[in-house]
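In: can you look at this prediction? I've put the sequence above it.
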Amino acid sequence: MSFGEQSSAADLPEPKRLLVESVLSYADSNLDASLDRMFELLRIPSVSCDPLLAQQCQAAASWLATELADIGFDASVRPTAGHPVVIAHQKQATGPHVLFYGHYDVQPVEPLDRWEADPFDPQLKVQPNGDTQIIARGASDDKGQLLTFVEACRAWKTVTGGLPVSVSMFFEGEEESGSPSMDEFLDQVGDELRADTMLLCDTYLWNDAIPAVTVMFRGLLEGEIEIACASRDLHSGAYGNAARNPIQVLAGLIASLRDESGAVAIKGFYDDVQEPDEDLKSELKKLDFDTDSFLQNVGLSQSAGDQAYSALEQIWTRPSCEINGIAGGYHGDGLKTIIPSKAVAKISFRLVAGQDPEKIQAHFHDHIRARLPADCTMKFTAFGGSKASAIPSKSQFLQRARAALRDEWNCESVLIGSGGSIPIVSVMQNRFGLASLPIGFARSDNRHHSPNEKYDLSSFHKGIRTWIRVLAELSGCEGNRVGALDANSCAADKPA
């Protein structure tokens, strides 16, 4: 089967097709019970960055483990240096093994006065178009999304007594805080999380009616640069002209990071960039992305990146360098006539396939050192980095997932990229050679991280039904039980 060719429910054997319909019917009939369980989880204020809510994070983990055990998973709450992780397994004798990832922690709710109701008292709000919104912190990011998969497994288990593939689940409690305990935890669990592919549901639909598979995530490199000149702040009349001004120096260094075309001007920055393959480029062209609307929605009129590439390419397939903050000198009311001794900028790089965060950091440091004038010192503080990740375009798992999406949504799914990063995707790819299938049902207006976060009831329902179909389709993939490719496995599923 070539890229773009997908099976469908009609290709399934008649007994399996009828079985899938029975599982879907159960999910439809029991949607209210699924929604009740979602509300139970949403009521737990599992804000990972608040030490006062550590017990609530433990409560959310325990709730998930109990629910998974109730439907026959071998589920446990595992301690970490921070908030616990939930691990669950349900193995089958044959077929592929999938790992589903999600996170039960949520963002803080502030500003609280912008919420229409208590953020942890979920509300149903009927919309003029007849759809219903579930409003609560975590409704979309990521409690509601991860429960679409749990509820799909519940439907399969209830109707058939089993699952069409082996399933493991991996729910963490620090995703919204940068996953500080994850490296150490993954060192401890080792091969237990190996699988044939990883599924996750922390992504978006292309639009309200068209599903998407996110096949590219950019990597991330973050840091801070401090420029220091004089040993103390100076009187600008007494030292003006004679003393080096670190804000001016920093401004010049920042300006040197891009050339007139908008491309990053750091030597060696693009050396290892891997272009998307032609199949993927063709898929992206089908999206008919409206650049004007994209920019006008935020009050802009022209893309500022490398003009040799479209705006969509700039945010999905090209690396970037952005200034996230700058500070120095006096910030109070009025004017304080000083030449400050220090100036600081926070800078981040979004990376694409082929780029190594450590190499890019070295190129950046070299760029700054080469342009640093006399009487200046610099200090770099690294905040961490992760590599980009990409799904092989000819993956058998991708093809079958797209077939399931088409059967449920009655249209072809699209392949999209993400300008942002989901670090776990890169981590699992680099640690275990595990390619991911990010299929999410959030809409662009779900207000992630903002007051009145919402998840559409139709998205929750369609999400459950979609995963039921995806699990059935993936049962036809060649699984190898340990996640390492062999001669009987599809070579196209090996991560790039």
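Out: Received, thanks. Computed from a predicted model, the values in this text were never measured in an experiment.

In: do me a favour and average the pLDDT over stretch 271-291.
Out: For stretch 271-291, mean pLDDT is 89.

In: which of the residues in that stretch are buried?
Out: Across stretch 271-291, burial judged by 16 or more other Cβ atoms under 10 Å covers 276, 280, 283-284, 289. Heads up, the C-betas are built off the backbone N, CA and C, glycines and all.

In: now do stretch 290-297
Out: Of all the residues in stretch 290-297, not one is buried under the rule 16+ other Cβ under 10 Å.

In: ok, residues contacting it?
Out: Applying Cβ atoms under 8 Å, 6 or more residues apart in numbering, the external contacts of stretch 290-297 come out as 301-303, 310-312.

In: let's go with 7 Å and repeat that
Out: When contacts are defined by Cβ atoms under 7 Å, 6 or more residues apart in numbering, stretch 290-297 is touched by residues 301, 303, 310-311.

In: among the residues you listed, name the buried ones.
Out: By 16+ other Cβ under 10 Å, those give 303, 310-311 as buried.

In: got those residues as a markdown table, with distance to residue 469 columns?
Out: As requested, the buried ones among the contacts of stretch 290-297 are exported to a markdown table (distance: Cβ to Cβ, whole Å):
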| residue | distance to residue 469 |
| --- | --- |
| 303 | 37 |
| 310 | 33 |
| 311 | 34 |
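
In: out of those, flag the one nearest to residue 135.
Out: Lowest distance from residue 135 to the buried ones among the contacts of stretch 290-297 (Cβ to Cβ) belongs to residue 311, with 31.9 Å.

In: show me which residues of stretch 368-387 are buried.
Out: By neighbour count on 16+ other Cβ under 10 Å, the buried set for stretch 368-387 is 368, 376, 378, 385-387.

In: and the residues you listed, which of them are in strands?
Out: 378, 385-386 (DSSP state E).

In: before we move on, the earlier item: can you tell me which of the buried residues of stretch 368-387 lies closest to residue 140?
Out: Lowest distance from residue 140 to these (Cβ to Cβ) belongs to residue 386, with 23.0 Å.

In: just the pLDDT for the closest one.
Out: You'll see residue 386 listed with a pLDDT of 87.

In: tell me the bridge partners for it.
Out: Beta bridges link residue 386 to residue 220 when assigned by DSSP bridges.

In: so it sits against residue 220, correct?
Out: Yes. Taking Cβ atoms under 7 Å as the definition, residue 386 is a contact partner of residue 220 at 5.3 Å.

In: quickly list what's touching both of the two.
Out: Common contacts of residue 386 and residue 220 (Cβ under 7 Å, 6+ apart): residue 421.

In: the helices in the stretch 151-300 of the chain, which residues?
Out: For the stretch 151-300 of the chain, the helices defined by DSSP state H, counting those that start in this stretch cover 182-189, 236-239, 246-255, 278-285, 291-296.

In: and these: which comes nearest residue 148?
Out: Residue 148 lies closest to helix 182-189 among the helices of the stretch 151-300 of the chain, at 23.1 Å (Cβ to Cβ).

In: in the closest one, which residues are buried?
Out: For helix 182-189, the neighbour count (16+ other Cβ under 10 Å) marks 182, 185-186 as buried.

In: how about CSV for the buried residues of stretch 368-387, with distance to residue 120 added?
Out: Shown next, in CSV, are these (distance: Cβ to Cβ, whole Å):
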residue, distance to residue 120
368, 45
376, 50
378, 45
385, 34
386, 31
387, 35
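
In: now do the same contact list for the residue positioned nearest the centre of the chain.
Out: The centre of the chain sits closest to residue 422, judged by Cα atoms, centre = their mean, with a distance of 3.2 Å. By Cβ under 7 Å, 6+ apart, the residues touching residue 422 are 202, 217.

In: equivalent analysis for residue 219, please.
Out: Contacts of residue 219 by Cβ under 7 Å, 6+ apart are 351, 355, 357, 385-388, 421, 426.

In: ok, 6 Å please
Out: By Cβ atoms under 6 Å, 6 or more residues apart in numbering, the contact set of residue 219 is 351, 386-388.

In: poorly predicted segments of this structure, please.
Out: Counting by pLDDT under 70, the chain shows low-confidence ranges at 1-12, 479-496.

In: would you map out the domains in this protein?
Out: As assigned by automatic domain parsing, the chain contains the domains 9-217+388-485, 219-273+319-386.

In: among these, which is the most enclosed?
Out: Of those, the one with the most neighbours on average (mean count of other Cβ atoms under 10 Å) is domain 9-217+388-485, at a mean of 20.

In: quick one: it to chain centroid distance?
Out: 12 Å (Cα atoms, centre = their mean, to the nearest Å).

In: how close does the nearest residue to residue 459 once chain neighbours are set aside sit to residue 431?
Out: Spatial nearest neighbour of residue 459, excluding adjacent residues (Cβ to Cβ, 6 or more residues apart in numbering): residue 441 at 4.3 Å. Using Cβ to Cβ, to the nearest Å, residue 441 is found at 27 Å from residue 431.

In: go on, residue 42?
Out: Going from residue 42 to residue 431 by Cβ to Cβ gives 31 Å.

In: with residue 111 instead?
Out: Distance of residue 111 to residue 431, computed by Cβ to Cβ: 38 Å.

In: residue 285 now?
Out: 33 Å.

In: ok, residue 436 - contacts?
Out: So residue 436 contacts 198, 425 (Cβ under 6 Å, 6+ apart).

In: quick check on it: phi, psi?
Out: In terms of degrees, to the nearest 10, the main-chain angles of residue 436 are phi -110, psi 160.

In: which strand residues bridge it?
Out: According to DSSP bridges, beta-bridge pairing links residue 436 with residue 198.

In: about what we covered before: from the contacts of residue 219, which single one is nearest residue 58?
Out: Among those, and counting by Cβ to Cβ, the member closest to residue 58 is residue 386, at 27.0 Å.

In: and that closest one, what does it touch?
Out: 219-220, 423, 426.

In: if we go to 7 Å?
Out: Residue 386 is in contact with 219-220, 357, 421, 423, 426, counting by Cβ under 7 Å, 6+ apart.

In: how about the residues you listed in JSON lines, adding distance to residue 144?
Out: What follows is the contacts of residue 386, written out as JSON lines (distance: Cβ to Cβ, whole Å):
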{"residue": "219", "distance to residue 144": "27"}
{"residue": "220", "distance to residue 144": "25"}
{"residue": "357", "distance to residue 144": "32"}
{"residue": "421", "distance to residue 144": "22"}
{"residue": "423", "distance to residue 144": "21"}
{"residue": "426", "distance to residue 144": "24"}
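
In: specify which member of the residues you listed is nearest to residue 322.
Out: Of all the contacts of residue 386, residue 220 has the smallest distance to residue 322: 10.8 Å, by Cβ to Cβ.

In: in contact with residue 119: list those residues for me.
Out: Contact partners of residue 119, counting by Cβ under 7 Å, 6+ apart, are 109, 136-137.

In: got JSON lines for the helices of the stretch 151-300 of the chain, with distance to residue 401 too?
Out: Output for those, formatted as JSON lines (distance: least, Cβ to Cβ, whole Å):
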{"stretch": "helix 182-189", "distance to residue 401": "25"}
{"stretch": "helix 236-239", "distance to residue 401": "62"}
{"stretch": "helix 246-255", "distance to residue 401": "42"}
{"stretch": "helix 278-285", "distance to residue 401": "14"}
{"stretch": "helix 291-296", "distance to residue 401": "27"}
